[in-house]
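Colleague: sequence isn't available, so here's the structure alone:
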Ligand SMILES: C[S@@+](CC[C@H](N)C(=O)[O-])C[C@H]1O[C@@H](n2cnc3c(N)ncnc32)[C@H](O)[C@@H]1O
């Protein structure tokens, strides 16, 4: 995984942290023939990691800053197998051809899952920090016949103090994998 500090950042745009990227990439179980959509690409953290491990990535976000930042990070890491698209995922997904989806942005998630289901996307990984979104995603996917597994990932970072090291906890992230 690329360390967080190597990515170009902007304060207003989140990035999926290195350890969460590692687990999410594992859950995507990427193959060199996979074409993946990254829904809500933010800073491009996941876009870059996915693109390094598959054939092609479509990265979508509705924020200008996220689009710009993702393009900058793709250039920084010399990633060419990616198209960055500005807009709401729910308005764009229908036109794209892909076989796996990573969901990092959950606005209008019901509509997004409906489209992924109709397009017969049978391997989906989603990240969320919001409990209600986790419940919504799990229920929607199970109702559509996916086998769903959810893990809660709690990361603590070590911090040097006078007597040794202590751990500082980050908020937990729910990582949901759905296959069928
Ligand atoms: C937590 S950030 C993603 C961070 C990203 N995975 C990374 O590693 O840099 C979520 C992003 O999803 C975008 N987003 C949320 N819902 C969306 C939707 N329906 N369509 C497009 N973008 C969306 C937000 O604008 C935000 O930039």
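Modeller: Noted; the coordinates are in hand. Keep in mind that what you see is a predicted model, and the values were worked out from it rather than measured.
Colleague: now residue 115, what's its secondary structure?
Modeller: Using DSSP: H, G, I helix; E, B strand; the rest coil, the structure places residue 115 in helix.
Colleague: tell me who's in contact with the nearest residue to it once chain neighbours are set aside.
Modeller: Nearest residue to residue 115, sequence neighbours excluded (Cβ to Cβ, 6 or more residues apart in numbering): residue 93, at 4.7 Å. C-beta: built from backbone N, CA, C; applies to glycine. Residue 93 sits next to 37, 39, 60, 112, 115, 116, 119 when contact means Cβ atoms under 8 Å, 6 or more residues apart in numbering.
Colleague: could you work out the most separated pair of those?
Modeller: Spanning the widest gap among the contacts of residue 93 are 60 and 119, at 14.1 Å by Cβ to Cβ.
Colleague: what about these two, which has more around it?
Modeller: In this view residue 60 and residue 119 are compared by other Cβ atoms under 10 Å, and residue 60 has more residues nearby, 28 against 16.
Colleague: the more buried one against residue 41, yeah?
Modeller: Yes: judged on Cβ atoms under 8 Å, residue 60 makes contact with residue 41 at a distance of 6.3 Å.
Colleague: identify the contacts common to those two.
Modeller: residue 84.
Colleague: how about the residues of the chain by the ligand?
Modeller: 13-16, 40-46, 60-63, 66, 88-90, 104-108 (Cβ under 6 Å from any ligand atom).
Colleague: drop anything exposed from these.
Modeller: 13-16, 40-46, 60-63, 66, 88-90, 104-106 (16 or more other Cβ atoms under 10 Å).
Colleague: mind listing which of these are in strands?
Modeller: Counting by DSSP state E, the part of those found in strands is 60, 61.
Colleague: out of the buried ones among the residues of the chain next to the ligand, which sit inside helices?
Modeller: 45, 46, 66, 89, 90 (DSSP state H).
Colleague: sweet, I'm off.
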